[in-house]
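S.K.: sequence first, predicted coordinates after that:
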Amino acid sequence: MIRIRLISKDADEFSAFESAGHAGSAEYGKDIVCAAVTALLKTAVLTLKTAESKGLLRVRIDAERAGFLSAKIEESDKKNGERLRCLFEFLTIGLLSIEAEYPDCLNLEIVNE
C-alpha cells in the first residue's frame with residue numbers, strides 16, 4: 001500500500017508531502033495505481049522545482065530510497081499563496097480520486113499544521 005501524508009497550512013496552502021510504499025495492484029512495471037500516484041507526485045515536484053528556479057520559493061526534495069518521495073517548502077513569500085493553494089488542490093483531488101477507486105492500494109492522510 002502507498003501511504004501519503006499531504007500537509008497544508010493556512011487555508012489549504014501546500015506545505016509538504018511524504019509518500020512511501022508500493023500499491024501492489026499488479027506486478028512491478030504494470031501497476032497502474034503506482035503509475036498514477038507517481039505521475040501526480042512527480043508533477044508536483046517539477047512544479048515546485050520550476051518555482052524554485054524562478055526564485056519564488058525554496059523546496060527540499062527527498063527521493064533517496066526506492067518507494068519514497070517527499071517534498072517540503074522551506075521558504076516562500078506571501079505572494080505564492082495562490083500558487084501553493086492550487087498545487088494542494090491538484091494533489092488532493094487527484095489522490096482522493098485514486099484512493100476512492102483503489103482503497104486497498106492507497107491511504108491518503110491530509111494534515112493541517
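M.R.: It's in.

S.K.: now the residue positioned nearest the centre of the chain: which helix or strand?
M.R.: Nearest to the mean C-alpha position of the chain, by C-alpha atoms, centre = their mean, lies residue 41 at 4.3 Å. Per DSSP states H and E, residue 41 falls inside helix 32-53.

S.K.: buried residues in whichever helix or strand comes after that helix?
M.R.: Per DSSP H and E, the first helix or strand lying C-terminal to helix 32-53 is strand 57-62. Using 16 or more other C-beta atoms under 10 Å as the test for burial, strand 57-62 gives 57, 59. C-betas here are computed from N, CA, C, even on glycine.

S.K.: against which helices or strands is strand 57-62 packed?
M.R.: Helices and strands touching strand 57-62, by 3 or more C-beta pairs under 8 Å, 6 or more residues apart in numbering; DSSP states H and E, are helix 32-53, strand 68-76.

S.K.: so what are the sheet partners of it and their directions?
M.R.: Take DSSP bridges as the rule and strand 57-62 pairs in its sheet with strand 68-76 (antiparallel).

S.K.: mean confidence score for the strand it pairs with?
M.R.: Per-residue pLDDT over strand 68-76 has a mean of 93.

S.K.: and residue 104, how many residues sit next to it?
M.R.: 11 (other C-beta atoms under 10 Å).

S.K.: didn't it look like it was pressed against residue 1?
M.R.: Yes - taking contacts as C-beta atoms under 8 Å, residue 104 lies within contact range of residue 1: 7.0 Å.
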